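**Q** got a predicted structure plus its sequence, pasted below:
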Number of protein chains: 2
Amino acid sequence: MVNAGLPGLPPATAADIARGVCRLLGAHGQGTLTEVTLRTGRRVDVMALAPDGRITVVEVKSSAQDYMSDRKWRDYLEFCDRFFFAVGESFPTEILPAEPGLIVADRFGGVVLREAPATPLAPARRKALTLKFALLGSQRMTRLLDPESGI
Amino acid sequence: MVNAGLPGLPPATAADIARGVCRLLGAHGQGTLTEVTLRTGRRVDVMALAPDGRITVVEVKSSAQDYMSDRKWRDYLEFCDRFFFAVGESFPTEILPAEPGLIVADRFGGVVLREAPATPLAPARRKALTLKFALLGSQRMTRLLDPESGI
């Protein structure tokens, strides 16, 4: 789980936080993919799919500056059933909006500090996102296993 | 594409054929996963998902003996929209049934010798298989990228 903040450890990077988020969601049986581009062109940091089909989007914010430079989180709500911010332990969480879910994570894991409200997907959007998620995950696997496949 | 059968090359193994099948289907935009266990307990060699949602199952047969020991291919039809056998170039294709699709492949690629007849999935089954495919692909990716995740 989250490191207890031992003195001298550097703050978690965005990649660390994303890894911890994937571990947290993965431990609950969810499949996770990082850096998923939506058809709007925006890219979500972590998209997760639960065994019941629910889709979660997690935006990683590694610093206050990172959050302040992109506050369009509401744009993600139509692409998921639940939306979370994920931050490192030293992040000033008081600057975040109160509505979305909140995860604190480091490279080893994470904890949900605040559950995300349900924002159920429209059926056609869920179907399209699930298919996209399935294609993307399997194609990334193929590229890893067979880098010369040209896929 | 398929190697022209240069003398002295060993016959394609099942793993070679599966890789070539994945390359063939992947080149057509399909996502592929190998060794997918169905809820019946049977394991399919290659399952593929097309961008339009169609699901293909490919059973690899590396030798006549391999085919003769397992002829229950009809059991797969309710789990896909199209079913193919895939074999190496030296396989005696005359022993295969005439109905399913047929791919000849080696480790570098494959060609469709006979298209598979359409066996459209029931909607609930398609939904369940797509979700399973999405979870499996993303979880395998996570395990490759983060082997110590415990996922």
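**A** Everything's here; your move. Here the structure is a predicted model, which means the values were calculated and not measured.
**Q** can we go C-alpha only for contacts and neighbour counts from here?
**A** Will do.
**Q** quick one: secondary structure of the closest residue to A:Leu38 other than its chain neighbours?
**A** For A:Leu38, ignoring the flanking residues on the chain, the nearest one in space by Cα to Cα, 6 or more residues apart in numbering or on different chains is A:Val44 at 7.4 Å. What DSSP: H, G, I helix; E, B strand; the rest coil gives for A:Val44 is strand.
**Q** what about A:Val44, neighbour count?
**A** Using other Cα atoms under 10 Å in any protein chain shown, A:Val44 is surrounded by 19 other residues.
**Q** cross-check the contact I'm expecting between it and A:Lys72.
**A** No: in terms of Cα atoms under 8 Å, A:Val44 does not count as a neighbour of A:Lys72; the distance is 11.6 Å.
**Q** hey, what's the residue nearest to A:Leu38 bridged with?
**A** A:Val36 (DSSP bridges).
**Q** what pLDDT does it get?
**A** Model confidence at A:Val44, given as pLDDT, is 96.
**Q** A:Leu9 too?
**A** Looking at A:Leu9, its pLDDT stands at 69.
**Q** A:Asn3 too?
**A** 50.
**Q** kindly report the residues of chain A close to chain B.
**A** A:22-23, A:26-27, A:30-33, A:49-51, A:53, A:130-142, A:149-151 (Cα under 8 Å from any Cα of the partner chain).
**Q** buried sites along the lowest-mean-pLDDT helix or strand in chain A?
**A** Lowest mean confidence among the helices and strands of chain A (mean pLDDT, DSSP states H and E): helix A:64-68, at a mean of 91. Neighbour counts over helix A:64-68 (16 or more other Cα atoms under 10 Å in any protein chain shown) mark A:Tyr67 as buried.
**Q** now stretch A:55-71
**A** Residues of stretch A:55-71 classed as buried by neighbour count (16+ other Cα under 10 Å): A:Ile55, A:Thr56, A:Val57, A:Val58, A:Glu59, A:Val60, A:Lys61, A:Ser62, A:Ser63, A:Tyr67.
**Q** which two from those residues end up farthest apart in space?
**A** A:Ile55 and A:Ser63 (25.3 Å; Cα to Cα).
**Q** contacts only, for A:Leu131.
**A** B:Pro51, B:Gly53, B:Thr130, B:Ala134 (Cα atoms under 8 Å, 6 or more residues apart in numbering or on different chains).
**Q** chain A: which of those is nearest?
**A** B:Ala134 (3.8 Å; Cα to the nearest Cα).
**Q** measure that closest one to B:Thr40 for me?
**A** Computed as Cα to Cα, to the nearest Å, the B:Ala134 to B:Thr40 distance reads 19 Å.
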